[in-house]
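Participant: okay, predicted coordinates and the sequence, questions at the end:
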Amino acid sequence: MSRARQPPLVTGISPNEGISWTKVTIRGENLGTGPTDLIGLTICGHNCLLTAEWMSASKIVCRVGQAKNDKGDIIVTTKSGGKGTSTVSFKLLKPEKIGILDQSAVWVDEMNYYDMRTDRNKGIPPLSLRPANPLGIDIDKGRFPQKDLESLFPGMSADFTSENFSAAWYLIENHSTTSFDQLKTAVVNLKKQANKKNEGSLAYVKGGLSTFFEAQDALSAIHQKLEADGTEKVEGSMTQKLENVLNRASNTADTLFQEVLGRKDKADSTRNALNVLQRFKFLFNLPLNIERNIQKGDYDVVINDYEKAKSLFGKTEVQVFKKYYAEVETRIESLRELLLDKLLETPSTLHDQKRYIRYLSDLHAPGDPAWQCIGAQHQWILQLMHNCKESYVKEQKGNALLHSPMLDLDSDVRPSPIGHLSQTASLKRGSSFQSGRDDAWRYKAPQQVVFVEKLTKLVVSQLPNFWKLWVSYVNGSLFSETAEKSGQMERSKKNARQRQNDFKKMIQEVMHSLVKLIRGALLPFSLREGELRQYGGWEMKSELSGQWLTHVIQTVRLSSESLTALEIPNDMLQIIQDLILDLRVRCIIVTLQHTAEDIKRLAEKEDWVVDNEGLTSLPSQFEQCIIHSLQSLKTVLDCKPGEASVFQQQKTQEDVCQLSIGIMQGFIDCLEQLSTKPDGDIDTSHLSVDVSSPDLFGSIHEESSLSSEQRLLIALSNCRYLERHTFLNIAEHFEKHGFQGVDKITQVSMESLKELDQRLFEMYIEFKADPIVGSLEPGIYAGYFDWKDCLVPTGVRNYLKEALVNIIAVHAEVFTISKDLVPRVMSRVVEAVSEELSRLMQCVSSFSKNGALQAKLEICALRDTVAIYLTPESKSSFKQALEALPQLSSGTDRKLLEELLNKFKSSMHLQLTCFQASSSAMMKT
């Protein structure tokens, strides 16, 4: 037969040296196509084919026999490739000879002794002699799960050496993708192996047939000899002699080998003990290994070893095993206590908590460690919150002892819009107001504000892990697969469902503590007396400003958003929303109160510098102060998601409305205070001329002080502007920011402003009109003038001219302050003068012809001069005065009257110009 394959080539042997019967593994190329293809194997010249086991075309396992050569090649011969070659060699070592009575430190491995005579193993066959591939075809491990195969073949095994061997299981596991043709080849290989075994035994018998015949003849001869000796009664039969000899030999052997056999028995006992120690060294070393791994923190290793020991020796009856297993349980119990202490130790990360809970569940710790951890974490968070409060309260009291004016936390450190507005000499209406932070913002923040920031940061940092721990506890993700198999996870989920209310109470307790601690620091009046002792303790010398409360509201809002992101139910967080609402309301109230205080201090900022319209900076400062306050409340008034309107409560609406009215009334009182203050109480050292005013108005500041009449005029001008512009603008801002009751605020403020305006106006008219009115009667009757006996009139007398000059002086004063006030003031002065003149005329009992003409001349002169300031009341007074006079009957008298009037107007044309110049303004008013 032609050789289609290359000759075998041995390229390696392991080990490469050893004594006889050493098991070796030969590796190379073309070592045969199967067990039947291998027909020869020699090592160092000795035939090793009987012990050879063909594994694959590149691997053969065999035992080295007794060879003559100490070193030689490994030659493999196959049917397909013929005799091969070797690139390596094997060195045969000679074993040391030991006498039968010599002591030895080793013993022969009798377990795997191979008997060449019977071609079979003695004792337990070694695993190396079991064929790894009995079918002789390529093994293709399938991907079938082991659990599915075990359920499909219950009680069976894929091990072909097992008594419960299942061929179907073996084929599915190792040849699931093998083709049918390859399976046919496997059947042929199995048949060849069976035939080879039978043929090998038969050939061995045929080869030693002559030996069997010789042995048969020898046994027959011995038997005949024994029978012949038995018939001769000479000293007994040969069998008896042989028995006696054998007995003596046995006794001698026992005597000679007693010590050796004793040592052998002792060695056997020692070997058995060592075998037990070796076999069960895992259990005997486990207590020490547990301690070492605990010290290193390898808790996973400890748990795995404990589970293994528990499955092997948990129910053992052997005392030694019981003793060592009890020691293992003692150390595991200590480990449980250690892990529980670490679990309940604070602070701790969520990762460590989950890890310790998983360890305790795997160790079957009693109770519910996860719930214990949740409870400990809850108490720790509460303790942290109270410790935070105590530390800041203590620090606040310590700072009070070391009080410094520069760091006066209880003083008003809020940025004041008044301070900003006073940086300029005069603030123009309509100019933009820049809020700008006052230097006070650079001071240290109040302890309550820092405390709230620290407290909310603490809760926001700790509560998420607390909540996530609960979620993991509910869904069972805290436990390992071992706990899942043992049913511990289901028990835990059941416990979690039962403890939902308890955990809800924990969250509510944390939320209540958070809210009450903040209320104790910022809103102590909202707590009961008992709660105030527990959650309060702050020194409240003065309440926080609106700016700090706004900052606190923003902090609490951010905390609420962070907690909402954890998907905590809204009903648990509602208490925080209530706190935010109360803080917003309080912030608005405090801001409005402080604004009212700032408004009262506006009087100190009045510089009495008027602009072209007769206004000072005071109305603009007032408006900007309120706008700044409202702007500072914008974030407070705006509703974030989930928040209610700050004006939803009727009481809040009423309080805010009253405060707003109080602010407006405060400014009205400020105006009244400024206008009615005695001259000596006014500080005019800061007065300066407004560069935007014409030189016409500079005369006001030529003297060191303003007269009370001038202050009244300035106040009236401001009142007029407040009524027409400022109060309406402020009402628009109130509505823009969502204030309720704006109409009421505006109405009440307007009424109060009008009352002040009227009082100031009456006061000014009293100052100016009374002297003029009082000078009329003495002037008329000066020089013993008598209406019944007087000369022909030659012109207007001096008393009227003086009255007109005084009226012109009032006009000039009013015009200097505010052109818009001229018509109102002049009309009222003219009314007073005309009324007095009418009274005086009506009091005259009779007039002569010349007297009537003189009276009519003076009345008409005054009337025509102030014609543009006449009102229905003054017109009526002039009419009544003229009606009290006798009528002029002759045309000569009327002509004379007309000439005298023209002469008067011509002579006082310059003085009367002021009345004509205001006509356009009068018409517009």
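Facilitator: Received it, and whenever you're ready, just let me know what you need. Numbering: from 1, shown residues only.

Participant: what comes up buried for the host helix or strand of residue 304?
Facilitator: Under the criterion of DSSP states H and E, residue 304 resides in helix 299-313. Counting neighbours by 16 or more other C-beta atoms under 10 Å, one finds that the buried residues in helix 299-313 are 299, 302-303, 305-306, 309, 313. Every C-beta, even on glycine, is put in place using the N, C-alpha and C of the backbone.

Participant: can you count the residues close to the residue nearest to residue 763 when sequence neighbours are not counted?
Facilitator: Ranked by C-beta to C-beta, 6 or more residues apart in numbering and with sequence neighbours excluded, the top spatial neighbour of residue 763 is residue 712, at 6.0 Å. Summarising burial for residue 712: neighbours were counted as other C-beta atoms under 10 Å, giving 25.

Participant: OK, contacts around residue 712?
Facilitator: By C-beta atoms under 8 Å, 6 or more residues apart in numbering, residue 712 lies in contact with 675, 760, 763-764, 767.

Participant: ok, residues contacting stretch 341-355?
Facilitator: With contact meaning C-beta under 8 Å, 6+ apart, stretch 341-355 is reached by 356-357, 360, 369, 372-373, 376-377, 380, 465, 468-469, 472, 477-478.

Participant: any of those residues buried? List them.
Facilitator: For the contacts of stretch 341-355, a burial check counting by 16+ other C-beta under 10 Å picks out 356-357, 360, 369, 372-373, 376-377, 380, 465, 469, 472, 478.

Participant: just the contacts of stretch 341-355 now: which is nearest residue 815?
Facilitator: residue 465 (77.5 Å; C-beta to C-beta).

Participant: got a list of what that closest one touches?
Facilitator: In this structure, residue 465 makes contact with 349-350, 353, 377, judged by C-beta under 8 Å, 6+ apart.

Participant: the helix or strand that contains it: which residues count as buried?
Facilitator: Under DSSP H and E, the secondary-structure element containing residue 465 is helix 447-475. Burial within helix 447-475, assessed by neighbour count using 16+ other C-beta under 10 Å, is assigned to 447-456, 458-460, 462-467, 469-470, 472-474.

Participant: ranges for the strands of the protein?
Facilitator: Counting by DSSP state E, the segments of the chain that form strands are 9-14, 17-18, 23-29, 38-43, 46-47, 53-56, 59-63, 71-78, 82-83, 85-86, 89-92, 114-115, 120-121.

Participant: tabulate the ones you listed in CSV, adding columns for mean neighbour count and mean pLDDT.
Facilitator: Supplementary listing: those in CSV, determined by neighbours: other C-beta atoms under 10 Å; pLDDT from 0 to 100:
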stretch, mean neighbour count, mean pLDDT
strand 9-14, 17, 93
strand 17-18, 16, 89
strand 23-29, 19, 93
strand 38-43, 21, 91
strand 46-47, 14, 88
strand 53-56, 18, 90
strand 59-63, 20, 92
strand 71-78, 21, 91
strand 82-83, 14, 91
strand 85-86, 18, 92
strand 89-92, 19, 90
strand 114-115, 14, 44
strand 120-121, 12, 45
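
Participant: the ones you listed: which one's closest to residue 145?
Facilitator: For those, distance to residue 145 was read as C-beta to C-beta. The smallest value, 28.0 Å, belongs to strand 53-56.

Participant: output that closest one as CSV, restricted to C-alpha atoms.
Facilitator: What follows is strand 53-56, C-alpha atoms only, in CSV (Å, rounded to 0.1, in the frame of the first residue of the first chain):
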residue,chain,number,x,y,z
GLU,A,53,-2.5,5.4,24.2
TRP,A,54,-3.0,7.4,21.0
MET,A,55,-4.6,10.8,21.7
SER,A,56,-4.2,12.7,18.4
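
Participant: note down every partner strand of that strand and its orientation.
Facilitator: According to DSSP bridges, the neighbouring strands of strand 53-56, each with its direction, are strand 59-63 (antiparallel).

Participant: my read: residue 370 touches residue 357, true?
Facilitator: Yes: with the criterion set as C-beta atoms under 8 Å, residue 370 and residue 357 qualify as a contacting pair; they are 4.9 Å apart.

Participant: what about the residue lying closest to residue 627 once chain neighbours are set aside, distance to residue 670?
Facilitator: Taking C-beta to C-beta, 6+ apart, and ignoring the residues beside it in sequence, residue 627 has residue 733 as its nearest neighbour in space, at 5.9 Å. Taking C-beta to C-beta, to the nearest Å as the measure, residue 733 falls 19 Å from residue 670.

Participant: so these two - more neighbours on which side?
Facilitator: It is residue 670, of residue 733 and residue 670, that has more neighbours when counted by other C-beta under 10 Å, with 20 against 16.

Participant: tell me who's in contact with that one.
Facilitator: If a contact means C-beta under 8 Å, 6+ apart, then residue 670 has 599-600, 602-603, 618 as its contacts.

Participant: restricted to helices, list those residues.
Facilitator: The helices, defined by DSSP state H, take in 599-600, 618 from these.

Participant: how about the helices of the stretch 401-550 of the chain, start to end?
Facilitator: 417-421, 447-475, 481-485, 488-498, 500-522, 529-535, 546-564 (DSSP state H, counting those that start in this stretch).

Participant: also the stretch 551-700 of the chain?
Facilitator: If you assign secondary structure with DSSP H, counting those that start in this stretch, the helices in the stretch 551-700 of the chain sit at 570-600, 618-632, 634-637, 650-676.

Participant: I'd like those laid out as CSV, including mean pLDDT and distance to residue 164.
Facilitator: Below are those laid out as CSV (pLDDT from 0 to 100; distance: least, C-beta to C-beta, whole Å):
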stretch, mean pLDDT, distance to residue 164
helix 570-600, 85, 60
helix 618-632, 86, 87
helix 634-637, 83, 80
helix 650-676, 84, 85
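
Participant: about what we covered before: do you know which of the strands of the chain lies nearest residue 569?
Facilitator: Minimum separation from residue 569 across those (C-beta to C-beta) falls at strand 53-56, 67.6 Å.

Participant: output the buried ones among the contacts of stretch 341-355 in TSV; the columns should cover pLDDT.
Facilitator: Supplementary listing: the buried ones among the contacts of stretch 341-355 in TSV, determined by pLDDT from 0 to 100:
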residue	pLDDT
356	82
357	83
360	83
369	84
372	84
373	87
376	88
377	86
380	87
465	84
469	83
472	81
478	69
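
Participant: nearest to residue 150, of the contacts of stretch 341-355?
Facilitator: Minimum separation from residue 150 among the contacts of stretch 341-355 (C-beta to C-beta) is found for residue 477, which lies at 28.6 Å.

Participant: pick out whichever of the contacts of residue 465 sits closest to residue 321.
Facilitator: Comparing the contacts of residue 465 against residue 321 with C-beta to C-beta places residue 353 closest, at 35.9 Å.
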